[in-house]
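Enquirer: I would like to see how this sequence folds:
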Amino acid sequence: ACYHLSKGEFDDALSKFQESLQLQRYAMQTGGTHVCDADESLLNIASTLCNMGAVFVKQNQYHTAIEVIEEALLVQESVQDGELIAIKTKEYLDMIISYEENAVDDMAK
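Expert: Down below sits the predicted model:
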C-alpha cells in the first residue's frame, strides 16, 4: 500500500490499506492477537487509518480524510500510553481541517 502511495497510485494504495485494515480488525475480533499485543494491534489499526487519511488528502477528499483520522485518534486514545502518539495525529488532523477550510474558501471565490 505504501509503495502505491509513493508512486501516486492512490486507488491501489487505498485498496491495499482497506484490505489491511479488514485483516487487522478480523484478527482482533477473532482473537488472532494475544492480550499483551492488543494495544500494539490497535495502534497498527490506527496507523493504517492514518495512512488511509493520507490517501484521501492526496485526493483532496478532506472531509473523508478527517473522518478517518478522527477514528484513528479515538483508537490511539483508547490505548495505554497512546496519548503521545495521538498528539501528532491531532496536529495532522488540524492541518487537514485547515486544508479543507482553504479548499472551501477557494471554491467560494
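Enquirer: contacts and neighbour counts: CA atoms only from here.
Expert: Will do.
Enquirer: This protein: helices as residue ranges?
Expert: Here the chain has its helices, by DSSP state H, at 2-6, 10-29, 38-58, 62-78, 83-108.
Enquirer: Identify each buried residue in the last one, please.
Expert: Going by neighbour count (16 or more other Cα atoms under 10 Å), the buried part of helix 83-108 is 85, 86, 89, 92, 93, 96, 97, 99, 100.
Enquirer: picking up where we left off before, can I get the helices of the chain in TSV with mean pLDDT?
Expert: Below are the helices of the chain laid out as TSV (pLDDT from 0 to 100):
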stretch	mean pLDDT
helix 2-6	90
helix 10-29	93
helix 38-58	92
helix 62-78	94
helix 83-108	83
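Enquirer: circling back to that earlier point, so which of the buried residues of helix 83-108 is the closest to residue 70?
Expert: Using Cα to Cα, residue 93 comes nearest to residue 70 of the buried residues of helix 83-108, at 7.4 Å.
Enquirer: Surely the closest one is in contact with residue 70?
Expert: Yes - using Cα atoms under 8 Å, residue 93 is in contact with residue 70, at 7.4 Å.
Enquirer: and residue 59, what are its phi and psi?
Expert: Per-residue torsions, residue 59: phi -90, psi 10 (degrees, to the nearest 10).
Enquirer: And the pLDDT for it?
Expert: At residue 59, the model reports a pLDDT of 95.
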